[in-house]
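Chemist: quick check, what structure comes out for this input:
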Amino acid sequence: MAIQSRYDDKGKLTITVTGRLDFKVHKEFRQAYEQCPAQPKEIVVDLRGTEYMDSSGLGMLLLLRDHFGAERSAIRITGASEELAKVLSIANFDKLFKLD
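Modeler: Model (predicted):
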């Protein structure tokens, strides 16, 4: 499975992406956060295992942000490779998300 999500007892939602973050996984990605049992206190998108992300992947991250209140959401993107970090930076996602 390319997308996995885990909601822990401290209110942290972690979405782990393995492989590609592209249009083929948009439904899985959306389900990963829409099925969250409660409003998370913390949201982490783990890209450690992500090999590729295209513009639809960027769009999915924006939809995640909008779903949880845009400016009020505190979403952290972790584990991005140097190449993915560059894509996120060029798209100014460092202004919308916390990048680790």
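
Chemist: for the rest of this, base every contact and every neighbour count on C-alpha atoms.
Modeler: Noted.

Chemist: in this structure, which strand is the longest?
Modeler: The longest strand of the chain (DSSP state E) is strand 42-53.

Chemist: mind listing what's buried in the helix or strand harbouring K86?
Modeler: Using DSSP states H and E, K86 maps to helix 82-90. Under the neighbour-count criterion of 16 or more other C-alpha atoms under 10 Å, helix 82-90 has L84, A85, V87, L88 buried.

Chemist: distance to S73 added to the residues you listed, as JSON lines?
Modeler: Converted to JSON lines, the buried residues of helix 82-90 look like this (distance: C-alpha to C-alpha, whole Å):
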{"residue": "L84", "distance to S73": "22"}
{"residue": "A85", "distance to S73": "20"}
{"residue": "V87", "distance to S73": "21"}
{"residue": "L88", "distance to S73": "18"}
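
Chemist: pull out the buried positions in the helix or strand that the longest strand of the chain is followed by.
Modeler: Sequence order places helix 55-67 as the next helix or strand after strand 42-53, per DSSP H and E. Buried residues in helix 55-67, counted by 16+ other C-alpha under 10 Å: G57, L58, M60, L61, L64, R65.

Chemist: for those residues, which one is nearest K41?
Modeler: K41 lies nearest to R65 out of the buried residues of helix 55-67, by C-alpha to C-alpha, at 13.3 Å.

Chemist: for this structure, which residue occupies the most central location?
Modeler: V45 (3.7 Å; C-alpha atoms, centre = their mean).

Chemist: that one reaches L21, doesn't it?
Modeler: No: contact criterion C-alpha atoms under 8 Å: V45 and L21 do not qualify, at 11.4 Å.

Chemist: contact partners for R76?
Modeler: Going by C-alpha atoms under 8 Å, 6 or more residues apart in numbering, R76 touches I43, V44, V45, F97, K98, L99, D100.

Chemist: actually R6, not the one I wrote
Modeler: K12, L13, T14, I15.

Chemist: show me what counts as buried in the longest strand of the chain.
Modeler: I43, V44, V45, D46, L47, T50, M53.

Chemist: alright, I will stop here.
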